[in-house]
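Q: Give me coordinates for this.
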Amino acid sequence: MTSRNSNEPVTRGAASALDQMKYEIASELGISNYQQIDKGALPSRVNGYVGGNMTKKMVAFAEQALMSGNIGQVAQSAPTEQIK
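A: The predicted structure follows:
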């Protein structure tokens, strides 16, 4: 089965890092073999729990970087698109 997800990461090469983060978080949450599980067979609550925890960690990273004065690190990791 192929993924229907057509979202492109803002930063090239980030997809594999995001996948690795997803599997680590699933493991931390006690979901074993998340990489091999058919995500469509899981309740949306489970998949949402993994994604929600990913978001929490990314926001915490950005907040920590901003508080320590690394504004460039945050801006570089998530460049914004300019609206024309």
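Q: Going by C-alpha atoms from here, please, whenever you check contacts or count neighbours.
A: Will do.
Q: Just the CA atoms of the longest helix along the chain, as CSV, please.
A: For the chain, the helix with the greatest residue count under DSSP state H is helix 44-67. C-alpha atoms of helix 44-67 as CSV (Å, rounded to 0.1, in the frame of the first residue of the first chain):
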residue,chain,number,x,y,z
SER,A,44,-7.0,7.5,14.7
ARG,A,45,-6.5,8.2,18.4
VAL,A,46,-3.3,6.2,18.4
ASN,A,47,-1.9,7.8,15.2
GLY,A,48,-2.9,11.2,16.6
TYR,A,49,-1.2,10.6,19.9
VAL,A,50,2.1,9.9,18.1
GLY,A,51,1.7,13.0,15.9
GLY,A,52,0.7,15.1,18.8
ASN,A,53,3.7,14.1,20.8
MET,A,54,5.9,14.8,17.7
THR,A,55,4.5,18.3,17.6
LYS,A,56,5.0,18.9,21.3
LYS,A,57,8.7,17.9,21.0
MET,A,58,9.3,20.1,18.0
VAL,A,59,7.6,23.1,19.7
ALA,A,60,9.7,22.4,22.8
PHE,A,61,12.9,22.4,20.7
ALA,A,62,11.9,25.7,19.0
GLU,A,63,11.1,27.3,22.4
GLN,A,64,14.3,26.2,23.9
ALA,A,65,16.3,27.5,20.9
LEU,A,66,14.5,30.8,21.1
MET,A,67,15.0,31.2,24.8
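Q: Give the buried residues for stretch 12-28.
A: Using 16 or more other Cα atoms under 10 Å as the test for burial, stretch 12-28 gives Met21, Lys22, Tyr23, Glu24, Ile25, Ala26.
Q: quick one: which of these is nearest to Leu66?
A: Distances from Leu66 to the buried residues of stretch 12-28, taken as Cα to Cα, are shortest for Met21 (21.2 Å).
Q: from memory that closest one sits against Met54, does it?
A: Yes. The pair Met21 / Met54 is scored as a contact, 7.2 Å apart, by Cα atoms under 8 Å.
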